[in-house]
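Here's a sequence, model it:
(2 chains)
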Amino acid sequence: MKHLKPVNQKAERVRHHLEATDQRDVVALQQGPLRPGIHVPLGCSFVFSPGWEVDIEGGTAGLCSPIERDLFDCYAGCFWPAQVPDELNHAPDWTATCAAAQKDWRKVDLIFP
Amino acid sequence: MAARFRTQHLHRFDAAGKAFLYLRSAAIFALDDVSRTILELLDTEPRAREEILAVLGTRWSVAELDEGLDELRRVQAIVPVNEAPQLIPKVIPLEPFPLTTMVMNVTNQCNLACTYCYEYGEDKLVDTANGTQPKFMSEETAKQSVDFMFREAGQNKVVHMTLFGGETLLNMPVLRVAIPYARQRATEVGKRVEFNLTTNGTLLQPDVIDFLIENDIAVTISIDGPQDMQDKFRVFHSGAGSYDVAMPKIRELLRRHTAKPIGARVTLTSQTLDAQRIFRHLTEEVGFREVGFAPVTTSPDRQYAIEDGGFDKMLGQFQALAKEFLAHALESRHHGFANVKDTLEEIHKGASKAYPCGAGLGLMGVATDGQVALCHRFAGSPDHALGTVDDGIDRARQAEFLDRHHIEHKTDCRTCWARPLCAGGCYHEAQTRYGTTDHPNLHYCDWIREWTDICLRIYGELAERNPVYLSRFEGRMTDEASQTS
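Just a heads-up that it's a prediction; the model follows:
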């Protein structure tokens, strides 16, 4: 802080708190320059999740399971609320009955608000 | 339309040629020219960023003004006018809240009959003369109280046991049992116990002084000053003044009991407001190390009640003593005006209180029958009971009390800048004035604000000119026991 100088112990704690919250743990990559520390990029654009074209290893053997792949990529890894329910807020148990997507995907029901 | 900013619950003060800011969080910041000028501008009326830039843009760059605004906003000195006021979250302290201080009323009898006494006088809460409570605490109850104190102290390593009355020394037999017992129990449970005793001084016989010294008991003497003042209200049942009886004994105590500082505790009334003269007498002529003053607690119609003009006079007296205190503190010398020292400590730490004091929280009073009350001033009052030493603290009742008395419910205090330190003031004062403990003490708001301002300015001077003095308040627990009144 430049224009306010902490004087008592409480002010010191306020300053400390504000500085700590300055160092946000999530930053946009465009925001640069990056603060020192480890940055782990997150988000769907960083995950190679090719869906029904090639699998995550680059193979093609187990393909053509579009719904179940898409389902989990949208629901968990990178939720896409317009298309499927989101795990974070609204439907944390949506896939509870679906232990293996390829086998159980029919058990995943509609969401009734 | 761009958001306009206004200042919020803040108090600005000058000290040592600098400008300071006291905030609702109880944080104190020194202002530079940029932040000070922005605040001055917003004092008159709310303004948008663009207006501020337009007025001050010739003196500072946009970047500097933006920085200043941002900092003021982040410490919550200013807020957008259309933003809903931020409510302080009502956090009820974790239960079971450990007991720090137990004030034990070993008797409700007194050999004096001070006119203004809250225990016997015209505003008393409990009928101590004809009531159901025993006049003296029994040995058994005293021991149970000690057990209660250690049981409720939780993780606290140190507990304070304050011996109180009535006139405490009227029950020497129980003191002679309870204190060694408390020491023994402290050793057994691995805690430390500190003793404090309040007395009017009239019964300080040589063997009593021996006892106080041997047991390392800190003593507080209730006394009102020079003879004419002391004898005005602090009288025996016959009406005779107590100065001549008490003073030689007090001098003897001061001469012999040197291990612990002995404090004087003065009650100010409309007729004894000369705090400077009282202070001189008690420190320089009698030899007390510290003197603390408190205005009498009374309903407003009593002749000794301090009213508006009286508060101004008292403030003037306090101000003069505070000035002396500052002169001493700047040279790191001791000055015995306890009221300033206690407030400075709270200011330095940045206390922002949800409750005005520790009553019902870390401090409780025990009546002669073992009933546990909010504090010693409520001891024996069934309406303010919080359990018994036998059954422990009634946690449900305590929770209800803490919920009801939280500062968020004192709407009168909502916009007051002095709220962090005052929090509405003494429960007992409120009970006496307004008939309920949850009412803020509105009759002395102006006084509190002016007094707080005086202390803040002293604090600012010390922070600038002798910060070493303030480091003494770091890491020290406030000794509630020494402030019992």
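
Which parts of the stretch 1-150 of chain B are helices?
B:33-44, B:49-56, B:62-74, B:139-152 (DSSP state H, counting those that start in this stretch).

quick one, what contacts the nearest residue to residue B:156 once chain neighbours are set aside?
Sequence neighbours aside, residue B:98 is the residue nearest to residue B:156 in space, at 4.7 Å (criterion: C-beta to C-beta, 6 or more residues apart in numbering or on different chains). In this view, the C-beta of every residue, glycine as well, is placed from N, C-alpha and C. Shown in contact with residue B:98 (C-beta atoms under 8 Å, 6 or more residues apart in numbering or on different chains): B:152, B:153, B:154, B:155, B:156, B:362.

just checking, the second one touches residue B:192?
So the one you mean is residue B:153. No - if you go by C-beta atoms under 8 Å, residue B:153 and residue B:192 don't touch, sitting 10.5 Å apart.

just the contacts of residue B:98 now: which is nearest residue B:61?
residue B:362 (50.3 Å; C-beta to C-beta).

Next, count neighbours for the closest one.
Residues lying near residue B:362 (other C-beta atoms under 10 Å in any protein chain shown) number 21.

what do you get for residue B:63?
Using other C-beta under 10 Å, the number of residues around residue B:63 comes to 8.

do you know how far it is from residue B:112?
According to C-beta to C-beta, to the nearest Å, residue B:63 stands 68 Å off from residue B:112.

And for residue B:329?
From residue B:329 to residue B:112 the distance is 35 Å (C-beta to C-beta).

coming back round to it: shared neighbours, residue B:153 and residue B:192?
Counting by C-beta under 8 Å, 6+ apart, the contacts common to residue B:153 and residue B:192 are residue B:159.

Comparing those two, which residue is more hemmed in?
residue B:153 (22 against 12).

Any residues of chain A in contact with chain B? List them.
Chain A comes close to chain B at residues A:1-11, A:13-14, A:18, as judged by C-beta under 8 Å from any C-beta of the partner chain.

If we only consider these, which is nearest to residue A:99?
Out of the residues of chain A next to chain B, the member with the shortest distance to residue A:99 (by C-beta to C-beta) is residue A:18, at 46.2 Å.

Give me the nearest residue to that closest one, chain neighbours excluded.
Closest to residue A:18 by C-beta to C-beta, 6+ apart is residue B:74, at 5.5 Å.

now do residue B:193
Counting by C-beta to C-beta, 6+ apart, residue B:193 lies nearest to residue B:186, which is 4.3 Å off, once chain neighbours are set aside.

Tell me how far residue B:50 lies from residue B:160.
Plainly put, residue B:50 is 57 Å away from residue B:160 if you go by C-beta to C-beta.

if we can go back for a sec, phi, psi of the residue nearest to residue B:156?
The phi/psi pair for residue B:98 (degrees, to the nearest 10) reads phi -70, psi 150.

What's the per-residue pLDDT of it here?
Residue B:98 is assigned 93 on the pLDDT scale.

ditto for residue A:51
As predicted, residue A:51 sits at a pLDDT of 47.

Could you identify the longest helix within chain A?
If you go by DSSP state H, chain A has its longest helix at helix A:9-22.

which residues does whichever residue of chain A sits closest to chain B contact?
Nearest residue of chain A to chain B, counting by C-beta to the nearest C-beta: residue A:10, 2.1 Å away. For residue A:10, the contact set (C-beta under 8 Å, 6+ apart) comprises B:25, B:26, B:27, B:28, B:349, B:350, B:351, B:352.

quick check: longest helix of chain B.
Looking across chain B with DSSP H, the single longest helix is helix B:308-330.

And whichever helix or strand comes after it, what does it pack against?
Of the helices and strands lying after helix B:308-330 in sequence (DSSP states H and E), the nearest is helix B:338-349. Contacts defined by 3 or more C-beta pairs under 8 Å, 6 or more residues apart in numbering or on different chains; DSSP states H and E place helix B:338-349 against helix A:9-22, strand B:290-295, helix B:308-330, helix B:419-422, helix B:445-465.

Surely residue B:249 and residue B:204 touch.
Yes - counting by C-beta under 8 Å, residue B:249 does reach residue B:204; the two are 3.9 Å apart.

Would you mind measuring from the residue in chain B positioned nearest to chain A to residue B:71?
In chain B, the residue that lies nearest chain A is residue B:350 (2.1 Å; C-beta to the nearest C-beta). The gap separating residue B:350 from residue B:71 is 18 Å, by C-beta to C-beta.

How about residue B:166?
54 Å.

And those two? Which one has more around it.
A count of neighbours by other C-beta under 10 Å puts residue B:166 above the other of residue B:166 and residue B:71, at 25 against 22.

pretty sure that one contacts residue B:105?
Yes - between residue B:166 and residue B:105 there is a contact at 6.5 Å, judged by C-beta under 8 Å.

Quick check: next helix or strand after the lowest-mean-pLDDT helix or strand in chain A?
Least confident helix or strand, chain A: helix A:66-72 with a mean of 59, by mean pLDDT, DSSP states H and E. Counting by DSSP H and E, the next helix or strand C-terminal to helix A:66-72 is helix A:101-104.

elements contacting that following helix?
Judged by 3+ C-beta pairs under 8 Å, 6+ apart, the packing partners of helix A:101-104 are helix A:66-72.

burial of residue B:228, as a residue count?
For residue B:228, the neighbour count with other C-beta under 10 Å is 14.

Repeat that for residue B:42.
21.

who are the neighbours in contact with the closest residue to it other than its chain neighbours?
Nearest non-adjacent residue to residue B:42, counting by C-beta to C-beta, 6+ apart: residue B:7, 5.1 Å away. Contacts for residue B:7 (C-beta under 8 Å, 6+ apart) come out as B:39, B:42, B:43, B:77, B:78.

now do residue B:424
Residue B:424 makes contact with B:356, B:407, B:410, B:412, B:413, B:430, B:439, B:440, B:441 under the criterion C-beta under 8 Å, 6+ apart.

got it, and residue B:212?
B:197, B:219, B:253, B:257.

10 Å instead?
Applying C-beta atoms under 10 Å, 6 or more residues apart in numbering or on different chains, we find residue B:212 in contact with B:169, B:175, B:179, B:195, B:197, B:199, B:204, B:218-219, B:253, B:256-257, B:259-260, B:262.

so what's the backbone phi/psi at it?
Main-chain torsions, residue B:212, degrees, to the nearest 10: phi -60, psi -40.

try residue B:119
phi -90, psi -30.

sorry, back to before: weed out the non-buried ones from the contacts of residue A:10.
Buried members of the contacts of residue A:10, scored by 16 or more other C-beta atoms under 10 Å in any protein chain shown, are B:25, B:26, B:27, B:28, B:349, B:350, B:351, B:352.

And for residue B:412, nearest residue in space, chain neighbours not counted?
Closest residue to residue B:412 apart from its sequence neighbours, by C-beta to C-beta, 6+ apart: residue B:440 at 4.9 Å.

now that neighbour, what's its secondary structure?
For residue B:440, the secondary structure call by DSSP: H, G, I helix; E, B strand; the rest coil comes out as coil.

what's the spacing between it and residue B:284?
For residue B:440, the distance to residue B:284 (C-beta to C-beta) stands at 37 Å.

How about residue B:134?
Applying C-beta to C-beta, the value for residue B:134 to residue B:284 is 42 Å.

One more: residue B:378?
Counting by C-beta to C-beta, the gap from residue B:378 to residue B:284 is 36 Å.

May I ask you to confirm that residue B:274 is in contact with residue B:313?
Yes - taking contacts as C-beta atoms under 10 Å, residue B:274 lies within contact range of residue B:313: 8.6 Å.

Name the residues contacting each of the two.
Residues touching both residue B:274 and residue B:313 (C-beta under 10 Å, 6+ apart) are residue B:268.

got the contact list for residue A:8?
A:14, B:20, B:22, B:26-29, B:344, B:346-351, B:456, B:459-460, B:463, B:470, B:473.

try 6 Å
By C-beta atoms under 6 Å, 6 or more residues apart in numbering or on different chains, the contact list for residue A:8 reads B:28, B:348, B:350.
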